[in-house]
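In: Starting from these lines, generate the structure:
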Amino acid sequence: MNYKAPDNSIHVIEPEYAHLLPVGSIAITDEEAEALRLAAIVPPSTFDLLAKLDADNTLTQRNLREVILLMAEGFKQATGGALDLSQVRGVAIVAAVEAQAEALRVQL
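Out: Below you'll find the predicted structure:
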């Protein structure tokens, strides 16, 4: 059975143990208990939503390497090979690091 305490907390307990509840607790229906539970849920703040969005979409080192390599390949294809970014030192380093990482992933 559901009970509501004076502080609006909800307790589920068998009626024979109701004497253990806080003084002033009253029996409520399942629907009332659910309504109280839903009312107690605090929606996330704008700050919390933004923090979650940022965390879910963090640009990891691996993501960054993939983006760089995909962009380099895209430029190469779009220019018919005239613009080969893999010759740029930074892009070449990214390609080498990704090759090492892929070799390690294969071992997993």
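
In: Show me what secondary structure element comes after the lowest-mean-pLDDT helix or strand in the chain.
Out: Every helix and strand in the chain was compared by mean pLDDT, DSSP states H and E; the lowest is helix 46-56, with a mean of 87. Later in the chain than helix 46-56, the nearest helix or strand by DSSP states H and E is helix 61-78.

In: Now do that next one: which elements does it pack against?
Out: Packing partners of helix 61-78 (3 or more Cβ pairs under 8 Å, 6 or more residues apart in numbering; DSSP states H and E): helix 89-107. C-betas here are computed from N, CA, C, even on glycine.

In: what's the helix it packs on in contact with?
Out: Outside of helix 89-107, the residues within contact range by Cβ atoms under 8 Å, 6 or more residues apart in numbering are 62, 65-66, 68-69, 72, 85-86.

In: Reformat these into JSON lines and put distance to Leu36, neighbour count and pLDDT next to each item.
Out: Formatted as JSON lines, these follow (distance: Cβ to Cβ, whole Å; neighbours: other Cβ atoms under 10 Å; pLDDT from 0 to 100):
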{"residue": "Arg62", "distance to Leu36": "45", "neighbour count": "12", "pLDDT": "84"}
{"residue": "Arg65", "distance to Leu36": "50", "neighbour count": "17", "pLDDT": "89"}
{"residue": "Glu66", "distance to Leu36": "48", "neighbour count": "13", "pLDDT": "91"}
{"residue": "Ile68", "distance to Leu36": "52", "neighbour count": "19", "pLDDT": "93"}
{"residue": "Leu69", "distance to Leu36": "53", "neighbour count": "16", "pLDDT": "94"}
{"residue": "Ala72", "distance to Leu36": "57", "neighbour count": "20", "pLDDT": "95"}
{"residue": "Leu85", "distance to Leu36": "60", "neighbour count": "19", "pLDDT": "93"}
{"residue": "Ser86", "distance to Leu36": "62", "neighbour count": "14", "pLDDT": "90"}
